[in-house]
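*Asks:* below: sequence and its predicted model.
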Amino acid sequence: MGKEFICIVCPKGCRIKVDDNENITGYTCLRGLNYVKEELTCPKRMLTSTVKVSNRKDTYVSVKTSSSISKDLLLDVMKELKKIRVEAPISMHQVLIKNIFNTDIDIISTKEVK
Ligand code: SF4
């Protein structure tokens, strides 16, 4: 049966195939090979979302993970972000949650709130 992936590491978007014997073909560079190996073992994604600002009416600050995080954790992180409140002023790239779920990944702001 095998699997096919579109590599998302660069805009070229190579089609990378994995056959039933786990032979990987179709990548143009090692980054693509490593991407598919990671997709097969522990897929990760960058997460972007928003967090409510407690001291500004109807205000949310946009946030993202400091690096890509295991797909298994995405839902739990989203739930956590829904629960928390942060206080303005918030600067760009401010760490709002350090080391979320002991992943060594931070939640950082992608917008300034004065
Ligand atoms: S395999 Fe390499 S060249 Fe192809 S899309 Fe991935 S990163 Fe780009």
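*Replies:* Structure received. Numbers count the residues shown, from 1 in each chain.
*Asks:* every contact and neighbour count from this point should use C-alpha atoms.
*Replies:* Fine.
*Asks:* per the record, what domains does this protein have?
*Replies:* Taking automatic domain parsing as the domain assignment, the ranges for the chain are 3-41, 48-109.
*Asks:* any chance of these in CSV, with mean pLDDT too?
*Replies:* Below are the domains of the chain laid out as CSV (pLDDT from 0 to 100):
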stretch, mean pLDDT
domain 3-41, 95
domain 48-109, 96
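*Asks:* can you redo these as JSON lines with mean neighbour count?
*Replies:* Shown next, in JSON lines, are the domains of the chain (neighbours: other Cα atoms under 10 Å):
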{"stretch": "domain 3-41", "mean neighbour count": "14"}
{"stretch": "domain 48-109", "mean neighbour count": "15"}
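*Asks:* closest to the ligand out of those domains?
*Replies:* Closest of the domains of the chain to the ligand is domain 3-41, at 3.5 Å (criterion: Cα to the nearest ligand atom).
*Asks:* the closest one close to the ligand?
*Replies:* Yes: Domain 3-41 lies within reach of the ligand by Cα under 6 Å from any ligand atom, at C7, I8, V9, C10, K12, G13, C14, Y27, T28, C29, R31, G32.
*Asks:* all strands of this structure, in order?
*Replies:* With DSSP state E, the ranges of strands along the chain come out as 3-6, 15-18, 24-25, 44-45, 48-53, 60-65, 69-70, 85-86, 95-97, 107-109.
*Asks:* which strands or helices does the second one pack on?
*Replies:* Strand 15-18 is packed against strand 3-6, strand 24-25, with contacts defined by 3 or more Cα pairs under 8 Å, 6 or more residues apart in numbering; DSSP states H and E.
*Asks:* ok, the third one next?
*Replies:* Other elements packing on strand 24-25 under the criterion 3+ Cα pairs under 8 Å, 6+ apart are strand 15-18.
*Asks:* name every strand pairing with the strand it packs on and say which way it goes.
*Replies:* When sheet partners are counted by DSSP bridges, strand 15-18 sits next to strand 3-6 (antiparallel), strand 24-25 (antiparallel).
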